[in-house]
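[1] show me the folded form of this:
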Amino acid sequence: MIRLLLIADLIVRANAAPPLRNQQEQAAQAAQQHDQQAQAGHANDQQTTTPQDDGSKHGYQFTYQKYLEEVVKILESDPKFNEKMRGMNEADIKAGNIADHIHDLDNGVFDRLHKAKLDEIERLREQIQKQIEVDGGSHNIKMPDHIDVEQWDKFGKEDLRKLITKTVQDMETIDIERKKDFKEYEMKKKAEEDHKLAQMDAQERERALKEAEEANKRHNEHEKLKHPGGREQLEEVWEEKDHMDKDSYDPKTFFALHDLNGDGYWNDDELEALFQLELEKMYNETDPDDDPRERMEEMYRMREHVSKQMDKNGDRLISLEEFLHDTEAQADDGKDEGWKDLGQEQVYTDKELEEFEREYAKEQGWGEHAYETSTAAHQQPVQPVVDHNQQPVHDAVPPQQAQAQQVHQAPIEQHPPVQTGQQQPYEQQQPLKVDTPKDPSYGI
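    Sure, this is the predicted structure:
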């Protein structure tokens, strides 16, 4: 398969087919989302992504996606243009420099590209008109940056350059948003757990915490994870998934087996397929303790790690050459460094959680003390009961005698009269030692 597939792969992955069981459902959701955007008049050509709480694979969705797919389909049909691409650097293609060779296209191909651009302009015109009606003016209208607006009637090299760079930029933005959404998802889970615990009494809370601890322990009781993209991890796939003899492992054969579309590269989906064995060690679809969205995020983390490790030119694809030259994938030294899963990593900081919980409590109307538990430590100290009907101590009885009567309960011993000049003021005498109740949190 030719070099142009580097572009095609970016676009195909932008609309990669989800698991079969989710295709119809996601197609319906995408159609509904498109209708809602049209009704609201969203004319800005920006990427959209929806957090997948059910653990299904997230997809790249662009408002200009139909135009994007049509342009790639047309370019792939021209053999001369494809021939030019074979010796071109992948990084240059990703940067949009492939557009410099657009003059090699046949006239018939250009005609199809012109029509595709005019159709996209018509779509934009309709969206802009709807947005003007909704907003009551054009103050929110932004110029599209995936086409060349300086030349409306023809498809030129700037159209192709802008389309490629916009697609790459939007895909990277979606990845960043995905991580942000996942962090908020985890903090929301924690906030709701903390609020639920705060509503319980001490016994219920202790029982709930114990159950959570046991669930976490069950989740972590799994075989040690192998390092994604390491030799041992790949050999395990070779043996368990490919059903090949471990001792006969061959890197070139392994690469070809997992180059599912036969284009000479591993794309995101092909990389992610390599990690399913490791994911199955941690996550069980039938176990209610295992979060499917966390499993999906774990898979993305592994894919991003291996891409960073092997993808030397940054084109989001792994070539056979890159794979064979990767030291971790080829090192047969038996020193697998393992992998820290999400449970061992800090997804958010304490400060981020504190700020999120405060705002989330406001949104939910929980009040300022949404996460405070009603423990004895927060109660006021118990005050001694004062009996206002108690008879006062007569002045004729010296304070020392009153203390002796209260503490020792001994017979009153007669003492010689005390001289007035020697008697200490009453307020300077030692206080009565009354054994008052203590705050339950005292001394803790």
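[2] tell me the domain boundaries of the chain?
    Following the assignment in automatic domain parsing, the chain carries domains at 5-172, 201-339.
[3] next up, the contacts around E150.
    Remark: with contacts taken as Cβ atoms under 8 Å, 6 or more residues apart in numbering, E150 is in contact with E158. Just so you know, the C-beta spots here come from the backbone N, C-alpha and C atoms, and that holds for glycine as well.
[4] where does W152 fall, phi/psi-wise?
    Backbone torsions for W152, taken as degrees, to the nearest 10, come to phi -80, psi -30.
[5] show the contacting residues for it.
    W152 makes contacts with I121, as judged by Cβ under 8 Å, 6+ apart.
[6] now with 10 Å?
    W152 makes contacts with K117, L118, I121, as judged by Cβ atoms under 10 Å, 6 or more residues apart in numbering.
[7] equivalent analysis for P251, please.
    R231, L234, W238, L320, F323, L324, D326, A329, Q330.
[8] pretty sure K335 contacts E232?
    Yes - between K335 and E232 there is a contact under Cβ atoms under 10 Å: 8.9 Å.
[9] the more surrounded of those two?
    Using other Cβ atoms under 10 Å as the criterion, K335 and E232 rank with E232 on top: 16 against 10.
[10] measure the more buried one to S307 for me?
    As for E232, its distance to S307 is 19 Å (criterion: Cβ to Cβ, to the nearest Å).
[11] where do the helices of the stretch 201-350 of the chain begin and end?
    Under the criterion DSSP state H, counting those that start in this stretch, the stretch 201-350 of the chain contains helices at 202-220, 231-240, 251-257, 268-273, 276-282, 292-310, 320-324, 327-330, 350-364.
[12] mind putting those into TSV with mean pLDDT?
    Putting those into TSV (pLDDT from 0 to 100) gives the following:
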stretch	mean pLDDT
helix 202-220	92
helix 231-240	96
helix 251-257	97
helix 268-273	94
helix 276-282	94
helix 292-310	95
helix 320-324	94
helix 327-330	86
helix 350-364	96
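[13] using TSV, lay out these together with distance to Y60.
    Below are the helices of the stretch 201-350 of the chain laid out as TSV (distance: least, Cβ to Cβ, whole Å):
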stretch	distance to Y60
helix 202-220	30
helix 231-240	26
helix 251-257	25
helix 268-273	10
helix 276-282	21
helix 292-310	13
helix 320-324	23
helix 327-330	27
helix 350-364	27
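[14] and these: which comes nearest F155?
    Checking these against F155 by Cβ to Cβ gives helix 268-273 as the closest, at 28.4 Å.
[15] any buried residues in the closest one, and which?
    D268, D269, E270, L271, E272 (16 or more other Cβ atoms under 10 Å).
[16] C-alpha coordinates for that helix, PDB please?
    Provided in PDB are the C-alpha atoms of helix 268-273 (Å, rounded to 0.1, in the frame of the first residue of the first chain):
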ATOM      1  CA  ASP A 268      -3.700   3.000  16.600                       C
ATOM      2  CA  ASP A 269      -6.200   0.200  16.300                       C
ATOM      3  CA  GLU A 270      -3.600  -2.400  15.400                       C
ATOM      4  CA  LEU A 271      -1.500  -1.300  18.400                       C
ATOM      5  CA  GLU A 272      -4.400  -1.400  20.800                       C
ATOM      6  CA  ALA A 273      -5.200  -5.000  19.700                       C
END
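[17] alright, I will stop here.
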